[in-house]
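*Asks:* next come a sequence and a model predicted from it.
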Amino acid sequence: MLREVRKKQINETITQVAIELFKQKGYENVTVEEIALKSGIAKGTFFNYFQKKEHLLLHIVNSYMQLMDQIVHRHQEGTVKERLQHILRDILSIYFLHPSLLRLTLVETIKSTLETKDASTNITMFKETLGTIIAEAKQSGVLRSSWDPNLSASVVVGVFLNTLINWSSSLNEEELFKVLQRQLDVVWEGIADE
C-alpha cells in the first residue's frame, strides 16, 4: 500500500514540476534530465513513469479529461445544444488558463491519435463523452435526429478542435467562443435544407 502511495506521489511530483518548467521555459527547452533533477529523482526513474517527454504531455491532458467529466456533470440542464455549448465553453476557459502548455498537449494528442489505433486517446474519450450526452437526449426524445450520436459527437469535436487550431493564437477567449458558437450553429442547423 505504501509503495502505491509513493508511486502516485512521484508521478504527481514529476507532472507538477514538468508543468512549471514547461510554462517557464517552453516545452522544447525542457529536458527529461531537468525534470528528473527538479523532481528529486534519477533520470531512469522518470522513464519508469513515462516512456518519453511527449507521454508526459499526454498524461497532463488525461488530467484535464478528468476535469471534463466534472464539467459535464455540472451542465445537466438546458437543451442538448445549450449543454454542449456550456461544456465546450468551460473547456475553452481551461484552455486559456495555460494556452501555450495546452497548445502543446493538443498537438501531441493529435499526433498520438494519428500514430496509434488506441481507442483510449483523449480525443476519442472526448467524442465518447459528448456522444453519450447526445445519445441520452435522443433516447429520451429530447433530441430528434436521424444521425448517429457518435457521428454527431465526432463532428462537434472536430469543430471544436478546428476552432482551437485555426483561431486560438489570434483571438481572446470571448472572441474564440463566438467563432465556436457560429460554427456549431452551422453544424446544428445542417449545411443545407434539403
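*Replies:* Done, it's in.
*Asks:* C-alpha only now, for contacts and for neighbours.
*Replies:* Will do.
*Asks:* the protein: helices as residue ranges?
*Replies:* For the chain, applying DSSP state H gives helices covering 2-25, 32-39, 43-49, 53-74, 80-97, 99-115, 122-139, 149-167, 173-189.
*Asks:* report the angle between the fourth one and helix 80-97.
*Replies:* What that stands for is helix 53-74. Helix 53-74 and helix 80-97 are oriented at 140 degrees to each other (axes from the mean of the first three to the mean of the last three CA atoms, to 10 degrees).
*Asks:* let's have the chain start at 340 instead
*Replies:* Let's use 340 as the start, then, which means that last one is helix 392-413.
*Asks:* export the helix or strand bottoming out on mean pLDDT in the chain as PDB, just CAs?
*Replies:* The least trusted helix or strand in the chain, going by mean pLDDT, DSSP states H and E, turns out to be helix 438-454, with a mean of 74. Extracted in PDB, the C-alpha atoms of helix 438-454 (Å, rounded to 0.1, in the frame of the first residue of the first chain):
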ATOM      1  CA  PRO A 438      -2.700  28.300 -23.600                       C
ATOM      2  CA  SER A 439       0.900  27.600 -24.500                       C
ATOM      3  CA  LEU A 440       1.000  24.400 -22.500                       C
ATOM      4  CA  LEU A 441      -2.300  23.200 -23.700                       C
ATOM      5  CA  ARG A 442      -1.400  24.100 -27.300                       C
ATOM      6  CA  LEU A 443       1.500  21.600 -27.000                       C
ATOM      7  CA  THR A 444      -0.700  19.000 -25.400                       C
ATOM      8  CA  LEU A 445      -3.200  19.500 -28.200                       C
ATOM      9  CA  VAL A 446      -0.500  18.900 -30.800                       C
ATOM     10  CA  GLU A 447       0.700  15.800 -29.000                       C
ATOM     11  CA  THR A 448      -2.800  14.500 -28.600                       C
ATOM     12  CA  ILE A 449      -3.500  14.900 -32.300                       C
ATOM     13  CA  LYS A 450      -0.100  13.200 -33.200                       C
ATOM     14  CA  SER A 451      -0.900  10.400 -30.800                       C
ATOM     15  CA  THR A 452      -4.300   9.900 -32.300                       C
ATOM     16  CA  LEU A 453      -2.800   9.800 -35.800                       C
ATOM     17  CA  GLU A 454       0.000   7.400 -34.800                       C
END
